[in-house]
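Asks: Kindly generate the corresponding structure for this input.
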Amino acid sequence: MSGVAERLRFAVVGCGRIAQAHLAAIASIGEVQLNAVVDVREPAAKAVAEQYRCEAIADYKDPRVTAAADAVVICTPPQTHAEIARHFLERGVHVMVEKPITIRSADAQGLARLAQEKQRVLMMASKFRYVPDVQKTKALVESGALGKIVLYENAFCSKVAMGERWNAQPDVAGGGVLIDNGCHSADIARYLLGPISHVHAHRGIAAQQLPVEDTVRFEFRTGGGSIGTVDLSWSLNKESDVYLALYGTQGTLFLGWKESRYRQDGNSVWVPFGSGYDKVAAFRGQIENFAATIAKRDAPLITVQDALASVEVIEAAYESMRRDTWVKVGGDAK
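Replies: The predicted model follows:
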C-alpha cells in the first residue's frame with residue numbers, strides 16, 4: 001500500500017473564517033489528506049476545493065462525505081454542532097468540533113456517550129492548549145515554581161464590528177461574546193488550575209446594537225481554591241501585551257501575545273520564555289494531536305470531559321447573568 005493510501009482521510013464541514021486555519025493546518029501535515037469540504041454555500045465550497053484540490057459537497061449528509069473521510073472537522077455555527085457531530089459519530093467517523101463543542105451540556109453528554117459507544121475519537125478544538133507558552137505555564141504551575149495560585153486574570157478584549165456576523169445572532173451562536181470567547185477562557189483556566197466549581201458573570205454596558213452581550217466579566221472559583229476574573233469584549237481594547245496573569249504564593253507569571261515571563265518571590269529578575277501566540281502553529285498542533293489520537297499514538301490533550309466542562313462553565317455563566325448570583329458549575333445551571 002502506498003504512503004498516500006495510508007494517510008488519514010479528512011473532510012472539513014463549513015468553509016467560513018475559522019475553517020481556513022484548519023484547512024491550512026491539514027494541508028501542512030504529511031500524514032493526513034484532505035478529501036472533501038462541505039458547505040451549503042456551493043461557491044464557497046467550490047473555491048476551497050479548487051484551492052486544496054479536493055471534492056466540494058453541499059450537504060454533510062451526502063454519503064460521499066463519509067465514504068471519503070475517516071475524520072471530520074466541524075466548523076459550522078454552534079447551533080448545528082450537536083446534530084452534525086452526531087451524524088458522523090453514528091457512521092463511525094472520528095470528529096473534531098470547533099468550540100464550543102455544543103451549546104447545551106445535555107447535547108455534549110449525549111455526544112460523549114455516542115463516541116464511547118462507537119469507539120470513535122471526539123475532540124473539541126481548543127487552540128490555546130497547543131500554544132507552547134501555555135504548556136510551559138502548566139509545567140511551571142504543576143512544579144510548584146509559583147507556589148499555590150491565588151489569583152488568575154484573563155482578558156480577551158478587542159474591538160470588532162459584529163453587526164453582520166453570525167457570532168452575534170443568538171439563535172445561531174447560542175449567545176454573544178461570552179460563549180464565543182469564554183469557551184477559550186474556561187478551558188485555559190481548567191487546563192492550568194483544574195475544574196472550575198462556581199461562576200458569577202456580569203453583562204457590561206452595550207457599545208454595539210446587538211441582540212447579544214458584547215462585553216462580559218465573569219469571576220470564578222476552582223475546586224482547589226483559586227479565584228479568577230475573565231474580561232471578554234468585542235467593543236473595547238485593554239491595550240495590553242498580556243492576556244493572562246497568574247499570581248501565586250511564591251511567584252508571578254504573565255502570558256503574552258509576543259513573549260511570556262515569570263518571576264519567583266525573592267528574585268528581582270524576570271525569566272522570559274516562549275515566543276507568544278502563534279495561531280498557525282496552534283492549529284497545526286490540534287490537528288496533529290487529533291490524528292495521533294485516532295492512530296492510538298497519543299492521548300488527546302483536550303479530553304471529552306474537558307470539552308463538556310467548558311460547556312458547563314459557560315452554561316452556568318449565562319444562568320449567573322440571568323440570576324445575578326454565584327452559580328455552581330454543573331449543578332444549578334439550567
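Asks: Can you pull out the low-pLDDT segments for this structure?
Replies: Along the chain, segments meeting pLDDT under 70 span 1-5, 331-334.
Asks: what's in contact with stretch 130-142?
Replies: Identification of contacts with stretch 130-142 by C-beta atoms under 8 Å, 6 or more residues apart in numbering yields 128-129, 146, 149, 188, 191-193, 244, 246, 248, 253, 255-256, 260, 262, 273-278, 281-286, 289, 301. Placement of C-beta: from N, CA and C, glycine included.
Asks: Tell me which residues of that stretch come out buried.
Replies: Buried positions in stretch 130-142, judged by neighbour count with 16 or more other C-beta atoms under 10 Å: Tyr130, Val131, Pro132, Asp133, Val134, Gln135, Lys136, Thr137, Leu140, Val141.
Asks: which residues of the stretch 201-334 of the chain fall in helices?
Replies: Assigned by DSSP state H, counting those that start in this stretch, the stretch 201-334 of the chain shows helices spanning 279-294, 304-323.
Asks: Leaving aside the residues adjacent along the chain, what's closest to Ser185?
Replies: Spatial nearest neighbour of Ser185, excluding adjacent residues (C-beta to C-beta, 6 or more residues apart in numbering): Val230 at 4.4 Å.
Asks: Which residues does that neighbour form beta bridges with?
Replies: Following DSSP bridges, Val230 is listed with bridge partners Asn154, Phe218.
Asks: Please name the residues that touch it.
Replies: Shown in contact with Val230 (C-beta under 8 Å, 6+ apart): Glu153, Asn154, Ala155, Phe156, Gly182, Ser185, Ala189, Arg217, Phe218, Glu219, Phe220.
Asks: Let's see that with 7 Å instead.
Replies: Val230 sits next to Asn154, Gly182, Ser185, Arg217, Phe218 when contact means C-beta atoms under 7 Å, 6 or more residues apart in numbering.
Asks: ok, now Ala282?
Replies: For Ala282, the contact set (C-beta under 7 Å, 6+ apart) comprises Lys127, Tyr130, Val131.
Asks: measure it to Arg261 for me?
Replies: 20 Å (C-beta to C-beta, to the nearest Å).
Asks: One more: Lys148?
Replies: From Lys148 over to Arg261 the distance is 20 Å, taken as C-beta to C-beta.
Asks: Comparing these two, which residue is more hemmed in?
Replies: Arg261 (17 against 12; other C-beta atoms under 10 Å).
Asks: which residues does that one contact?
Replies: Listed by C-beta under 7 Å, 6+ apart, the contact set of Arg261 reads Phe254, Trp270, Val271, Pro272, Phe273.
Asks: how far is stretch 139-155 from where the chain is centred?
Replies: Averaging C-alpha positions (C-alpha atoms, centre = their mean, to the nearest Å) puts stretch 139-155 21 Å from its chain's average.
Asks: Compute the first-to-last residue distance for that stretch.
Replies: Using C-alpha to C-alpha, to the nearest Å, the end-to-end distance of stretch 139-155 comes to 21 Å.
Asks: Which positions in that stretch come out as buried?
Replies: Buried, per 16+ other C-beta under 10 Å, within stretch 139-155: Leu140, Val141, Leu146, Ile149, Tyr152, Asn154, Ala155.
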